[in-house]
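[1] starting from these lines, generate the structure:
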Amino acid sequence: MTDAKIILAEHLTKEFPIHRSTRKITALHEVDFSVLKGTLTALIGPDGAGKTTLMRLIAGLMEPSAGQLFVLGMKTQGNEQNIQNRISYMPQRFGLYEDLTIQENMNQIGRAGQQEWRD
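    Numbers count the residues shown, from 1 in each chain. Coordinates of the predicted model:
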């Protein structure tokens, strides 16, 4: 992995077992992509497309079923805490502080990690 790639996915797959079944639901199937340092990248798709699953994988909150995922030069498996110490992830359904603005929420979360967010 080169220094310019801050995220690199190779054949990334995530499957979820169906309760009381031998079948699985595939959220991501052999996804390949990279994000270069200094670029703005959008993740766009309909409900159920795998966006949240991908973000949770990047944040080290779950492990891939297959393939490899590198974040900031580290393989996510086995480096979850190191990655989480260096990135910020705020889920869409973050309902702890619903009365705060987006900026206030980000500052509150940032304080937990000793980081202030600025415009």
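[2] for stretch 47-65, measure first residue to last.
    Start-to-end span of stretch 47-65 (Cα to Cα, to the nearest Å) is 21 Å.
[3] what does it contact?
    7, 12-15, 27-28, 31, 43-45, 69, 71, 76-77, 79-81, 83-84, 87, 89, 91-92 (Cβ atoms under 8 Å, 6 or more residues apart in numbering). For glycine as for every other residue, the C-beta is placed from the backbone atoms N, C-alpha and C.
[4] and that stretch, how far from the chain's centre?
    Centroid displacement of stretch 47-65 relative to its chain, using Cα atoms, centre = their mean, to the nearest Å, is 6 Å.
[5] so which of the contacts of stretch 47-65 are in helices?
    Glu80, Gln81, Ile83, Gln84 (DSSP state H).
[6] neighbour-wise, which of these leads?
    Ile83 (21 neighbours; other Cβ atoms under 10 Å).
[7] quick one: the strands in the chain, in order.
    Assignment of strands within the chain using DSSP state E yields the ranges 5-17, 24-36, 66-71, 74-75.
[8] redo those strands as JSON lines? Include mean neighbour count.
    Compiled in JSON lines, the strands of the chain are given as follows (neighbours: other Cβ atoms under 10 Å):
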{"stretch": "strand 5-17", "mean neighbour count": "17"}
{"stretch": "strand 24-36", "mean neighbour count": "15"}
{"stretch": "strand 66-71", "mean neighbour count": "18"}
{"stretch": "strand 74-75", "mean neighbour count": "14"}
